[in-house]
Each structure stands twice: as structure tokens, then as C-alpha cells.
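*Asks:* fold the stuff below for me.
(chains A, B, C and D)
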Protein chains: 2
Amino acid sequence: MKECTCLNCNCINEDLALKVKKDMLDDDILFDIAECFKILGDSTRIKIIYALKLSELCVNDLAFITNSTPSAISHQLRILKQAKLVKSKKMGKIVYYSLQDEHVIKLFEIGCEHIEEL
Amino acid sequence: MKECTCLNCNCINEDLALKVKKDMLDDDILFDIAECFKILGDSTRIKIIYALKLSELCVNDLAFITNSTPSAISHQLRILKQAKLVKSKKMGKIVYYSLQDEHVIKLFEIGCEHIEEL
DNA sequence: TTAATATATGAACAATTATTCAGATATGGA
DNA sequence: TCCATATCTGAATAATTGTTCATATATTAA
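*Replies:* Residues are numbered from 1 along each chain as shown, chains lettered A, B, ... in the order given. Have a look, this model is predicted:
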């Protein structure tokens, strides 16, 4: 194996490391992907996602289903909506939330598969 | 719509809310799924995942590729390994890391798709 | 054995974040 | 209009977490 001649680094396999570094996605894209997972990485929000996978629901019902409070659920729904993971429609006083698209469902299901194999 | 007769709740649609609550996955399963996403929800770890998607790599090279330090990368690799998202093999002084299985790749790719649609 | 290198680890600090609480806004009915 | 209710929001607190730094361990070569 060749020693690395880069400044400030100590690579074991220079050619490979340089090639991988060149082929990396841009930092901001990887940051956005991490942000997406971060939003899915909370118990309350995952409960919301799973409940909405079963049915469109309003804030109060989600609070009951997840053993949380309407305020906490409302905060989390705003975060999920900003990340385009859920959408909402208002009918009178009631706001109904549902999953944004199939991506969310797929992400949940593959995450679930991964857990089941451990 | 029927008013909810549950204690300590104020459901809008009692029948639906009760059904969804009954059909929810156990809290500890949902917790584990959220934990899995939480681990993917960090820029440094997502960079590691993407680099390992391109090639098996050792700690020093990952540090170079991700513009991080071997110490920081080692900490994150331990977390990824505990979550069974990456695996490792030792060859002499060098420890080579790679992705655990196809689940990790699928999760990354669907996350990537989701971001690209925004 | 001694030195050099690759990786791992523990503690501390800084930054992020989820929930709670109080109160605000919006809608529908009396 | 006034009241009740569904949802939202801002601030504060508590808890979690990623990185850094110093150091420890493991392996190879001299």
C-alpha cells in the first residue's frame, strides 16, 4: 500500500481514499439526508408516523393514541410538516394530518425490517 | 361523530382513535425504530455510511474522506456498529469497516430520494 | 525491547432538543 | 356577542449528544 502524500492526513490507502473522497455527495446533500433521518429519530414522531400510516388523524386523537398531549403533538407535527413528511388539511376547527407520500412509509417499513433482524 | 367517553382524553372520533390505538405497534418496537433513525440522523455518520457504500474503508481513511478526526470517526463507528449498521474486520493494525447489509443501503437511498423531491 | 502507528476510550464541554406550561388564535354554536 | 373547543406558539427547563483532548491498547518493525 502506498503512503499518503496529502497534507494533514495519514491515509492508509491513498488511491482508494482519494477516489472515494472525490465521489462523495456534496456535504449539504448529506446534511439534508441526515436531517431527514434525525426527524424520524424520535419516539413521539415515530408513533405519529405509525398512527398516520394506519389512518388520517387529528391532533387530539393523535395525542390520545400516543399517550401525549395536544401541545406536544402539535409541536412535533409542525416539525414533521416542515420536513415534508406529513401534510394537513383543515376542516372547520379540526386539522387532519396524513403521511406525505410513499417514501415515508417505505422508510418506516425498512427501518422496521432492520430492527426485526437484530 | 361520537364524543369520546375515555378518561383523560378528548377524542374527536372515538371509534377510529380506539381502533388505531389498539393497532399500534408496541412502544418498545417503535422506540427501537426511532433509535435506528436517530443513529442515521447525524451528518458525520451519514457521511461514513455513504463512504462505506462506495467502499470498505479503515478509520484513518474515513477521517480523511469526511474531513474529521480518527477519534471522532472511531466514536461514531462504535455507535454504528452497536446499531448493527456497519461491521468490521481487523487485518493487522488496520480495522476495515463496511455496511452491515442491504437495509442500510435502501434506507440511505430512499432518504436521498425524499430529499431530492423537496 | 523500543518506537511508531492505528484504533479505541473516558471525561468534559458546548450545543441541540423534547416537553411542559401559559397563553394566543381560530372556528362553530348558543 | 360570548363561550367552548381545537390547535398553535414562545419561553424555560431538563436531558441528550457530538466533538475534543488526553491517554490507553494493539500491532508491526527495527
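*Asks:* ok, A:Ala63 touching A:His75?
*Replies:* No - here A:Ala63 does not reach A:His75: they are 11.3 Å apart, not a contact under C-beta atoms under 8 Å. C-beta coordinates here come from the backbone N, C-alpha and C atoms, glycine included.
*Asks:* more neighbours, these two?
*Replies:* A:Ala63 (22 against 13; other C-beta atoms under 10 Å in any protein chain shown).
*Asks:* what residues does the helix or strand containing the more buried one touch?
*Replies:* Element membership for A:Ala63, per DSSP states H and E: helix A:59-65. The contact list for helix A:59-65, computed with C-beta atoms under 8 Å, 6 or more residues apart in numbering or on different chains, reads A:47-48, A:51-52, A:57, A:68-70, A:72-74, A:77, A:95, A:97, B:4, B:6, B:9-13, B:16-17, B:20-21, B:24.
*Asks:* mean confidence for that helix?
*Replies:* Here helix A:59-65 scores 96 as its mean pLDDT.
*Asks:* ok, now stretch A:105-118?
*Replies:* 93.
*Asks:* C-alpha coordinates for that stretch, PDB please?
*Replies:* The C-alpha trace of stretch A:105-118 is given here as PDB (Å, rounded to 0.1, in the frame of the first residue of the first chain):
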ATOM      1  CA  ILE A 105     -44.000   4.500   4.500                       C
ATOM      2  CA  LYS A 106     -41.000   2.800   2.800                       C
ATOM      3  CA  LEU A 107     -38.600   4.400   5.300                       C
ATOM      4  CA  PHE A 108     -40.600   3.200   8.200                       C
ATOM      5  CA  GLU A 109     -41.000  -0.300   6.800                       C
ATOM      6  CA  ILE A 110     -37.300  -0.800   6.100                       C
ATOM      7  CA  GLY A 111     -36.400   0.600   9.500                       C
ATOM      8  CA  CYS A 112     -38.900  -1.900  11.000                       C
ATOM      9  CA  GLU A 113     -37.300  -4.800   9.000                       C
ATOM     10  CA  HIS A 114     -33.900  -3.800  10.200                       C
ATOM     11  CA  ILE A 115     -35.000  -3.900  13.800                       C
ATOM     12  CA  GLU A 116     -36.700  -7.200  13.400                       C
ATOM     13  CA  GLU A 117     -33.500  -8.800  12.200                       C
ATOM     14  CA  LEU A 118     -31.400  -7.800  15.300                       C
END
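*Asks:* wondering if that stretch reaches chain B at all.
*Replies:* Yes - on the criterion C-beta under 8 Å from any C-beta of the partner chain, stretch A:105-118 is in touch with chain B at A:106-108, A:110-115, A:117-118.
*Asks:* buried subset of the residues you listed?
*Replies:* Using 16 or more other C-beta atoms under 10 Å in any protein chain shown as the burial test, the residues of stretch A:105-118 next to chain B include A:106-108, A:110-112, A:114-115 as buried.
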